[in-house]
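1. return a 3D structure for these sequence lines:
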Amino acid sequence: MSDKSMTADEAVARLRSGMTLGIGGWGARRKPMALVRALLRSGITDLTVVSYGGPDVGLLAAAGRIRKLVAAFATLDSVPLEPHFRAAREQGAFELAEFDEAMFMWGLHAAANRLPFMPVRAGIGSDVMRVNPGLRTVTSPYEDGETLVAVPALRMDAALVHMNRADRLGNAQYLGPDPYFDDLFCEAADEAYVSCERLVETAELAKDAAPQTLLISRHSVTGVVETPNGAHFTSCVPDHDRDEAFLRHYASTPWPQFAERFLSGDEGAYQRAVTAWHEERT
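-> Numbers count the residues shown, from 1 in each chain. Prediction:
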């Protein structure tokens, strides 16, 4: 067993342009934002991004790093449609493959289990089959003969997820109300990089929380990054809530101005700029 701890920039240095990248979390909840910001500091581009989209998708779309997006939605939760995603999409900046939420989940399951596809009922009779013409149907080989959607496996070159706690070996834990399928992202990818609010000793992971919170096992993790407040401005309860005021500032600020003030330096510069912005409001 080896120490897999590294910095955010070291994790991103292992990625490359043109890859398929999964990003865990859900909307504006527990997104690996520090890793996304590190990605923005790199020259990596031409990405196929697989995500239950939130500001991760918005930032990468606005910066012109996405070639294709595979997603069930792109939302900030309290702002229903991610505005920077929408602006980029309206300009035809990237290709979009839309999935129903359940279809997306089963695509992750198929990839995690090394299956080519998963037969599901989700999507039958809906417009998702029209807007995503690449989807196919299959007929049950049994006497029912039912027609089902063959959701393709969402295989990824790498995945980025954020958790509350992790050890240096790659075991990781969520302490909030929902796992958000982050374990499937890790298992469906060739490499997985887990950022966390705090690195702890392995024994501490099981000390005060139920065993099922140990969501991610070291066998599916390539690297671990300690990033306090690393999901900002999305939520990572119980460590921190969503920064609603800053979220709305992000949503209402033109991309060049936002990027210049908040994304022109390293992660420390970002956190200082956010603190200064909050102080200006008081």
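
2. so where's the stretch 101-250 of the chain shaky on pLDDT?
-> The model of the stretch 101-250 of the chain has no residue with pLDDT under 70.

3. what about the strands in it?
-> Using DSSP state E, counting those that start in this stretch, the strands of the stretch 101-250 of the chain run over residues 117-120, 136-139, 147-152, 156-166, 172-173, 189-199, 223-226.

4. need those strands in a markdown table (columns: mean neighbour count).
-> Placement of C-beta: from N, CA and C, glycine included. Shown next, in a markdown table, are the strands of the stretch 101-250 of the chain (neighbours: other CB atoms under 10 Å):
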| stretch | mean neighbour count |
| --- | --- |
| strand 117-120 | 19 |
| strand 136-139 | 12 |
| strand 147-152 | 19 |
| strand 156-166 | 27 |
| strand 172-173 | 26 |
| strand 189-199 | 23 |
| strand 223-226 | 23 |
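
5. based on its surroundings, how many neighbours for Ala245?
-> By the measure other CB atoms under 10 Å, the count of residues near Ala245 is 12.

6. oh sorry, the question was meant for His84
-> Neighbourhood size, His84 [other CB under 10 Å]: 23.

7. which SS class is it?
-> helix (DSSP: H, G, I helix; E, B strand; the rest coil).

8. so who does it touch?
-> Pro55, Gly58, Leu59, Ala61, Ala62, Ala251, Trp255 (CB atoms under 8 Å, 6 or more residues apart in numbering).

9. try it again with 6 Å
-> Neighbouring residues of His84 by CB atoms under 6 Å, 6 or more residues apart in numbering: Gly58, Ala61, Ala62, Trp255.

10. just those residues: which are in helices?
-> Mapping the contacts of His84 onto helices (DSSP state H) picks out Gly58, Ala61, Ala62, Trp255.

11. show residues contacting stretch 96-109.
-> 69-70, 72, 118, 120, 122-123, 128, 131-132, 151, 154, 181, 184, 188.

12. go through it and flag the buried ones.
-> By neighbour count on 16 or more other CB atoms under 10 Å, the buried set for stretch 96-109 is Leu96, Ala97, Glu98, Phe99, Asp100, Met103, Phe104, Met105, Trp106, Gly107, Leu108, His109.

13. likewise for stretch 208-224?
-> Here stretch 208-224 shows Thr213, Leu214, Leu215, Ile216, Arg218, Ser220, Val221, Thr222, Gly223, Val224 as buried, counting by 16+ other CB under 10 Å.

14. pick the one among the contacts of His84 closest to Thr20.
-> Ala61 (15.9 Å; CB to CB).

15. can you tell me how far Arg14 is from Tyr142?
-> The spacing between Arg14 and Tyr142, counted by CB to CB, to the nearest Å, is 45 Å.

16. which of those two has more neighbours?
-> Arg14 (12 against 7).

17. which helix or strand contains the more buried one?
-> Assigned by DSSP states H and E, Arg14 belongs to no helix or strand.

18. which residues does it contact?
-> Not one residue lies near Arg14 by CB under 6 Å, 6+ apart.

19. need the outlier residue of the protein, farthest from its centre.
-> Note on the chain: the largest C-alpha distance from the chain mean falls to Glu143, namely 40.0 Å (CA atoms, centre = their mean).

20. just to revisit the earlier point, want to throw the buried residues of stretch 208-224 into JSON lines with distance to Phe246?
-> Listed next are the buried residues of stretch 208-224 as JSON lines, based on distance: CB to CB, whole Å:
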{"residue": "Thr213", "distance to Phe246": "28"}
{"residue": "Leu214", "distance to Phe246": "31"}
{"residue": "Leu215", "distance to Phe246": "27"}
{"residue": "Ile216", "distance to Phe246": "28"}
{"residue": "Arg218", "distance to Phe246": "34"}
{"residue": "Ser220", "distance to Phe246": "32"}
{"residue": "Val221", "distance to Phe246": "29"}
{"residue": "Thr222", "distance to Phe246": "30"}
{"residue": "Gly223", "distance to Phe246": "28"}
{"residue": "Val224", "distance to Phe246": "26"}
